[in-house]
Every structure is written in structure tokens, then in C-alpha cells.
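**Student:** Could you look at this predicted model? Sequence included:
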Amino acid sequence: YLGSANSLTVPAKPFLLWSVNYSLVGLRGGRHTTGSEDFPPLMAAPSSKPNTVRPPKRGCSVLTFEKAPEPPKYPRFFVIQALDEEKPLAKLSPFLVSKCLDAIIGKAFKAKKLSGNLLVEAETEVQSRTILKQTCLGEHQIKVSPHRTLNSVRGIISEADLIDCTEDEILAGLQKQAVMTVKRITIRKDGQEQPTKHLILTFELHTLPTTVKARYLHCKVRPFIPNPKRCFRCQRFGHGSRNCRGRETCAKCGSNDHVAHICENTLKCVNCQGNHPADARTCPQ
């Protein structure tokens, strides 16, 4: 306290009010008892209302990774081949073959001829296992193997966040989603191969999934449409040289009397008759 009559009281806490005590002077000059006047507070006084529940402090966001369900993995298409090449299954009685297949896998199956062999489609995983174990069909010894291409599908994803990841790293992260292989598309620029954000995924599935999860990344899967297959023997599209029945044709000029590496003729495409070789990317065919 400072002084005696006119004194200034300093609050011990900043939210208390200021208070000044002074003597009151009457109309005749006499003094009355002292009074007090409150000045505005330095800080707001504590409210008498009960404390409300404060929201929790905002912290760091936590990333949650949802585990993608594992799709069913079993081959669906099988090639049944007779071990005796002189008696292919396609030449046997269809009634006999159907009767044998009915006894093995039941009536719910699909089959058709495939180059002297049989292509059989299983509907369930139990049928798939049963077909794969067979070694004979009636009195005929057979070999059963999954079809080379029909049991998988290919799709493409475009994800810039994966451009620095290797193919092996991406494959390890997507294997549980039935991904068999990963192939990055590259482009040639200034004489050097440069990676792109586009990845070709091969799935061990019968239908193409719409998305895949690369941990917290949701990647949309689009159908992969490869370039048309060109035969290196006849230079035509739609088949390979292994099954080609045409004549060997020069890829540069389209003639049948020589091969491309010794050709000095004018360029001519055998498919569109344009002035470019058959393997040119600019070919409209």
C-alpha cells in the first residue's frame, strides 16, 4: 500500500479489479467517510458459468491402411491333351468325352475343341482342382495344364507417385491383390530410355479389377490394349510366325524373293502399300 488517505491498491493477480480509496468532501467543507471507485479491469474476471468441455487439441492426422480383400486365385481354363498324338481328343466321340467329364467334374462345365485338344472351363475352385489332378479320360491317357493366356488379364495404371519405385518394389506391394507381373512403359527421348508413370499389371484373375491399392493410393485400372500382333514371316497382322502359313515376305519392300536385311529396293508396306516398311509405327493398318 502506498500512502494513507489516497492509496492505490495493486491486485495480486492480473484478473482482479483496480480499486482507489479517497475521502469524500461535503457541501460545507466537512469530510465524510471514504468511498471507493472501481476502474476497468486489466483482464476479464473469471466467469461464474461452469466450464464447457473444450474440443480436443488438433494433432497430426493418422493414415489408416485398409487391407484389400484377396481375390480368388485358381485357374479357370484348362487344356486337355491326349498323350497319344495319333488319337487326339477332338477326334473322339463327343458323347464319350462328355460322359467322362460328367463323371469327373459334374454336368456344370463348358468345353470346346482347340487345335485337336479340348479347352475346358471350370466354374468353381473345386472343379479346378479336380480337373488338374486327372491323368486319364476313360481309356485314354491325358495331360491337363492351365491355359497359357486365358487365366490372366492385363490392365494399366498411371500413377506419378510411383515413378521412383522399381518394378520389383511395386510387385511386392501388389502381390496380395493377384498381381503377377509389373512392367513400366518407357519412351525413348534424345537417344535414352526414360521411364513414365504408366505401369502394365498382369493379374492372376479372370476379370479385370477396377482399382488397386498401393497402400494409401487408390489407382484406377484401365484395360491394356497392346499393339496389334504382326507376323515376322509374312508381315501380316493377327497371328505369329509360329502359326504362319504364308510365304516369307520382306518387311521393307514386300517382296517374297528375299529377306529384309539384304533388301535395297524402295520401301513399300505389304499391308497398306505405303512408302514405309511393314514394321513402321506410322502405318495406318
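**Tutor:** That came through, no problem. Numbers count the residues shown, from 1 in each chain.

**Student:** in the sheet, who's paired with Leu199?
**Tutor:** When bridges are called by DSSP bridges, Leu199 pairs up with Ile157, Arg184.

**Student:** In contact with it, which residues are there?
**Tutor:** Ile156, Ile157, Ser158, Glu159, Leu162, Ile170, Val182, Lys183, Arg184, Ile185 (Cβ atoms under 8 Å, 6 or more residues apart in numbering). Glycine gets a C-beta too; all of them are placed from N, C-alpha and C.

**Student:** export those to CSV and tack on neighbour count, pLDDT and distance to Tyr74?
**Tutor:** CSV is the format used below for the contacts of Leu199 (neighbours: other Cβ atoms under 10 Å; pLDDT from 0 to 100; distance: Cβ to Cβ, whole Å):
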residue, neighbour count, pLDDT, distance to Tyr74
Ile156, 17, 96, 25
Ile157, 22, 95, 24
Ser158, 13, 95, 30
Glu159, 17, 94, 29
Leu162, 19, 94, 29
Ile170, 20, 95, 24
Val182, 22, 96, 22
Lys183, 15, 95, 24
Arg184, 16, 95, 28
Ile185, 13, 92, 30
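
**Student:** now the residue nearest the centre of the chain, which residues is it bridged with?
**Tutor:** The centroid of the chain falls nearest to Val212 when counting by Cα atoms, centre = their mean (3.2 Å). Under DSSP bridges, the beta-bridge partners of Val212 are Cys219.

**Student:** So it sits against Leu174, correct?
**Tutor:** Yes: Val212 is within contact range of Leu174, at 6.0 Å (criterion: Cβ atoms under 8 Å).

**Student:** Between these two, which contacts overlap?
**Tutor:** Counting by Cβ under 8 Å, 6+ apart, the common neighbours of Val212 and Leu174 are Leu201.

**Student:** low pLDDT regions in the chain?
**Tutor:** For the chain, residues meeting the criterion pLDDT under 70 lie at 1-72, 108.
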